[in-house]
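>>> sequence plus predicted model, see below.
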Amino acid sequence: MISRRPHEQSKVQPTYRWLAIMLVALIPLSVNVSSADTPRWWAEFYPNTTLSGSPILTRSDSQINFDWGGGAPAAGVPADRFSVRWTQTEWFDSGTYRFLARADDGFRLWLGDLLVIDAWVDQQGGWITRDLYVNAGTYQVRAEYYENTGGALVTLNWERLSSGPGWLAEYYDNQSLSGSPKLRRTDSAIDFAWGGGSPDSRIPVDRFSVRWTQTLGFGAGTYRFFTSTDDGVRVWVDGQLIIDAWYHQALPNTHSTDRVLTSGLREIKVEYFEDGGEAHAHVWWQQIAGSYSGWKGEYFGNRDLAGGPSLVRDDADINFDWSTGAPTSWMPADNFSVRWTRQATFSPGHYRISVQSDDGVRVWIDGGLVIDKWRTQNNELHYVDGIYLSGSRQLKVEYFEQTGLARIRFWTSPSGSTGGPTPTPAPAGGTVIVDDTSVGFVKGGSATGWHTAAAGYSGRIIWTRNNQVEKANYNWARWYPNLVPGRYEVYVHIPSRYATTTKALYWVKYGGQYASVTVNQAIYFNQWVSLGTYTFAGGNDEYVSLNDITGESYLSKYIGFDAVKWEAR
């Protein structure tokens, strides 16, 4: 899995719902504090650290925010080696919540049957955080705590994040992460190039430190974690230190390590310090190639594929009907997105690429966008026909769900364009692509003037050098789509190589008429370029044509002859 690293950071404006009245160094927010006179938690106190036997004290507590120091919680309860269980029933609106706890010693928290925080160890009052998407509903909340010896304190609160999950970032004005953070915020990714600047006006330019924490879902597999920083960095997974490069260093540098993970939620913690000079922090990971038997599915808790994925897993097929549910329990049922990628091997031939989805979808082959329906829709079917594929190809499918039903299916099948003199007409509403390897493509002119190259829409293009004026045996080509009648927007694909002319003159024949469009091929790089929208009569006598006559100095430019696409409008 590759944790994407956008250079933007989202600032979250959460609405707090507190169970503890305390001062926490967070960005200014509106706070709704529970009344101290309103009992909410049912508390059971035990004279041991294991919550065993019968409680020696039961009572109602309005909040979980206690610092007993070296004393006892109440008369009859020992000052050391006791435990408490708090329970309550609470309504949650759908959204991503950040649960924050602080304990000396052990603490754990359940939401329904899901263990959200598990820190059942002796500790000295450090903060523990977990981010979790919660579907709307009523849940039993259960908090458990034990005190061993020494000081005794426990605090619990949570906040609802309006912009979805991200990294809880705590910024310190020193290199040792000591004291209270000067800034708390949510960072969408750990991908920062501050250079000689500062993360924020409250943080110094040099000698600062940051701690990022987040809980994310992982599919089973082997993952490679990477860091590239100036200066020190260390990374933990579920409390285990996996990268320790806590020293002065400058870019370029990359540290990595491999870890085998089982499927489920994992806590990731990253710590970083800046000494002096440049400041850079980049942390990411990926599932090791070969560990996916099908599609690599990256699931995001937002509809924009932003930040790091909440879940990465191996999907055998893209064929899902989640109805009104979510892909997994810790993700939202609405406003999520997915990116699937894989290498697929094709026998030489022409193919139809099909996708049916609710809502938006787009499909790439070898980096070329072939289907772009990035909008809300009700389980619509889209396809392109006549794509020539051979050998290993990189496929990418991106999808977003807005509200309501969530479903998507993607598949490939042999095209009806193979074996005939012209491509089979596409049904109304479809898309037809004719490549330089398709049967609907014809060319003429000087045989020695034509060349091929590994580039372009299907991995192969035809190119030639330009003529300044018309000469005998000049090179030309036509793309015949054999459409059904209708309105179509016409696109030409400009390859990344052998396309330097600024005056490629395309002709579009449609409904007995002609239109000419000049394209500056030199300014495009592996892109579809529109020639406009036209009404086609249908049949086999409509086409797009291009020749090598550009008016530029003789043989000074390359002209690329790649794919042409007709998309129904």
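Thanks, I have it.

>>> measure the closest residue to F410 other than its chain neighbours to I190 for me?
Spatial nearest neighbour of F410, chain neighbours left out: I318 (4.0 Å); criterion: Cβ to Cβ, 6 or more residues apart in numbering. No exception for glycine: its C-beta is placed from N, CA and C like everyone else's. Per Cβ to Cβ, to the nearest Å, I318 is found 29 Å from I190.

>>> more neighbours: which of the two?
Legend: neighbour count by other Cβ atoms under 10 Å for I318 and I190, higher for I190 (26 against 21).

>>> am I right that that one is in contact with V283?
Yes. Contact status for I190 versus V283: in contact at 4.1 Å, counting by Cβ atoms under 8 Å.

>>> common neighbours of the two, please.
212, 270 (Cβ atoms under 8 Å, 6 or more residues apart in numbering).

>>> and V233, how far from S516?
Here the criterion is Cβ to Cβ. By it, V233 lies 58 Å from S516.

>>> more neighbours: these two, which one.
Using other Cβ under 10 Å as the criterion, V233 and S516 rank with V233 on top: 25 against 10.

>>> pLDDT value on the residue of the chain positioned farthest from its centre, please?
Farthest-out residue of the chain from its mean C-alpha position, per Cα atoms, centre = their mean: A472, at 54.0 Å. On the pLDDT scale, A472 is placed at 77.

>>> does P481 touch W566 like I think?
Yes. Here P481 lies in contact with W566, judged by Cβ under 8 Å, at a distance of 4.9 Å.

>>> three-state assignment of G71?
What DSSP: H, G, I helix; E, B strand; the rest coil gives for G71 is coil.

>>> would you agree A101 is in contact with V116?
No. Judged on Cβ under 8 Å, A101 makes no contact with V116 at a distance of 9.2 Å.

>>> domain boundaries for this protein, per the record?
Domains of the chain are assigned by automatic domain parsing as 15-161, 193-287, 295-415, 434-568.

>>> for D358, grab the count of nearby residues.
For D358, the neighbour count with other Cβ under 10 Å is 20.

>>> contacting residues around it?
Residues near D358 by Cβ under 8 Å, 6+ apart: 377-380, 401, 404-408.

>>> quick one: S256 from T501, how far?
Using Cβ to Cβ, we find S256 at a distance of 44 Å from T501.

>>> same thing with F273?
Going from F273 to T501 by Cβ to Cβ gives 53 Å.

>>> for N526, same thing?
Taken as Cβ to Cβ, the span from N526 to T501 is 16 Å.

>>> ditto for T328
Distance, T328 to T501, using Cβ to Cβ: 51 Å.

>>> equivalent analysis for S180, please.
63 Å.

>>> quick check, pLDDT for T96.
In this prediction, T96 carries a pLDDT score of 73.

>>> circling back: please, a ChimeraX command that selects the buried ones among the contacts of D358?
Selection of buried members from these for ChimeraX, criterion 16 or more other Cβ atoms under 10 Å:
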select :377,401,406,407,408
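
>>> and the contacts of D358, which is closest to G445?
For the contacts of D358, the residue nearest G445 by Cβ to Cβ is E380; the value is 41.9 Å.

>>> phi and psi next, for that closest one.
Main-chain torsions, E380, degrees, to the nearest 10: phi -80, psi 150.

>>> and the pLDDT for it?
In this model, E380 is scored at 85, pLDDT.

>>> also H7?
On the pLDDT scale, H7 is placed at 33.

>>> what does I461 give?
For I461, the predicted pLDDT is 90.

>>> okay, now it: neighbour count?
For I461, the neighbour count with other Cβ under 10 Å is 26.

>>> and it, what does it touch?
Residues near I461 by Cβ under 8 Å, 6+ apart: 436, 452-453, 455, 495, 497-498, 560-562.

>>> please name the bridge partners of it.
A453 (DSSP bridges).

>>> for Q175, what are its contacts?
Each residue near Q175 by Cβ under 8 Å, 6+ apart is listed here: 207-209, 273-275.
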